[in-house]
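Engineer: Fold the stuff below for me.
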Amino acid sequence: MNAKTTSTYGTTINIKNSGSKKSEIIAITSGKGGVGKTTIAVNMAIAMQKLRKRVLIIDADLHLGNVDLNLGMRTDKSIADVVRNDLPLNKAIVSTPVKVDLLPASTASIDLIESEPAVLEKLAEKFKRFESYYDYIIIDTGAGIAMNVLSFLFGADKICVVITPDPASITDAYAVIKVVKTVNKDIPIFLIGNMVNHADEGDILYKKMNLMAHKFLNNQIYYGGSLLKDELVARSVKRQKPFVLDHPGGMASNAVRAMIRRIMQASIKNGFYNKNIFERVLETKNTQLEWNL
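Structural biologist: Numbering: from 1, shown residues only. Below is the predicted model of the structure:
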């Protein structure tokens, strides 16, 4: 079945359900806020689009959701409008100027998802039209290990944990990894270093964290890559223009392209392949009592 939808920017999206194909879901998260998680999520999405992949970003950061600002725009609709006002889901999905689609999830959206399972059932049904349209869905989650974050993490095919050299960031990132691996040891986790002083520092951060995963969790994590402290990146963030577009030949852009190659090539090990993101979140919520966290 084919359908067409016109976005805020007038771009017509042809949505075609291709049967068994499902979007690959990548969650970008962190132990604490302020580590550049959203900046990395946005630039990764654009780098994937440059490889001719259809990409949707779901902004699921409860407190600091600002994917739209990182894209130099402002949205006025969210998942909450889909649920409360029966807005068609395609009207809440915004086609951005960088050719990556965005589904904003406001505080009200997450509150609804957390409190009412019927909301997730409704979203899961509505999303069936979209589940095979996108090659990748990137979820920009909140930071930490609150249940509204974990529900999205456990529904992902792959997880990227963003970390900085700050000791608090390291401690909190390990807490996220520990919870995820305790509940589901098979979800691949990639560690991404940000704002490191030199390339070796990112590698050292990964090796230390992976050693802890081996020693205390009997598991492993993968190296996603690292971004150096870079004034060009800081300037791009202030200008609300993703650095992969602002400085496509820069070190940060090259690092992001290397990241997505590693992540895209990794195999998927969980059992969610035939379910869309909201079906997955619903299923993880139904088993929360078994987590004993």
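Engineer: Let me see the ranges of the strands in the stretch 1-150 of the chain.
Structural biologist: 2-6, 12-16, 24-30, 55-60, 94-95, 101-104, 136-143 (DSSP state E, counting those that start in this stretch).
Engineer: Name the residues of the third one that come out as buried.
Structural biologist: Meaning strand 24-30. 24-30 (16 or more other Cβ atoms under 10 Å). Where C-beta positions appear, they are placed from N, C-alpha and C, glycine not excepted.
Engineer: and it with strand 55-60, angle?
Structural biologist: 40 degrees (axes from the mean of the first three to the mean of the last three Cα atoms, to 10 degrees).
Engineer: coming back round to it: any chance of the strands of the stretch 1-150 of the chain in a markdown table, plus distance to residue 70 and mean pLDDT?
Structural biologist: Shown next, in a markdown table, are those (distance: least, Cβ to Cβ, whole Å; pLDDT from 0 to 100):
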| stretch | distance to residue 70 | mean pLDDT |
| --- | --- | --- |
| strand 2-6 | 23 | 40 |
| strand 12-16 | 21 | 48 |
| strand 24-30 | 12 | 96 |
| strand 55-60 | 9 | 91 |
| strand 94-95 | 13 | 89 |
| strand 101-104 | 10 | 90 |
| strand 136-143 | 9 | 93 |
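Engineer: could I get the ones you listed as a markdown table with distance to residue 178?
Structural biologist: Converted to a markdown table, those look like this (distance: least, Cβ to Cβ, whole Å):
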| stretch | distance to residue 178 |
| --- | --- |
| strand 2-6 | 41 |
| strand 12-16 | 39 |
| strand 24-30 | 13 |
| strand 55-60 | 21 |
| strand 94-95 | 35 |
| strand 101-104 | 29 |
| strand 136-143 | 15 |
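Engineer: Just tell me which of these ends up closest to residue 79.
Structural biologist: Closest approach to residue 79 among the strands of the stretch 1-150 of the chain is made by strand 101-104 (6.7 Å; Cβ to Cβ).
Engineer: For the closest one, C-alpha coordinates in CSV please.
Structural biologist: Output in CSV follows, covering the C-alpha atoms of strand 101-104 (Å, rounded to 0.1, in the frame of the first residue of the first chain):
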residue,chain,number,x,y,z
ASP,A,101,12.8,13.3,9.1
LEU,A,102,12.0,14.2,12.8
LEU,A,103,9.3,13.0,15.2
PRO,A,104,9.4,15.2,18.3
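Engineer: picking that back up, please identify which of the strands of the stretch 1-150 of the chain is closest to residue 71.
Structural biologist: Comparing the strands of the stretch 1-150 of the chain under Cβ to Cβ, the one sitting nearest is strand 101-104, at 7.0 Å.
Engineer: Parallel or antiparallel, list what pairs with that closest one.
Structural biologist: Strand pairing for strand 101-104, using DSSP bridges, gives strand 55-60 (parallel), strand 94-95 (antiparallel).
Engineer: List the contacts of it.
Structural biologist: 7, 13, 54-59, 65, 67-68, 71, 75, 77-79, 92-96, 134 (Cβ atoms under 8 Å, 6 or more residues apart in numbering).
Engineer: quick one: that strand to chain centroid distance?
Structural biologist: Computed by Cα atoms, centre = their mean, to the nearest Å, the chain-centroid distance of strand 101-104 equals 11 Å.
Engineer: any idea how far residue 60 is from residue 243?
Structural biologist: Residue 243 sits 23 Å away from residue 60, taking Cβ to Cβ, to the nearest Å as the criterion.
Engineer: Between these two, which is the more surrounded one?
Structural biologist: Taking neighbours as other Cβ atoms under 10 Å, residue 243 and residue 60 compare with residue 60 leading, 28 against 25.
Engineer: How about the more buried one, nearest residue that isn't a chain neighbour?
Structural biologist: Take residue 60 and drop its neighbours on the chain: the residue closest to it by Cβ to Cβ, 6 or more residues apart in numbering is residue 105, 4.7 Å away.
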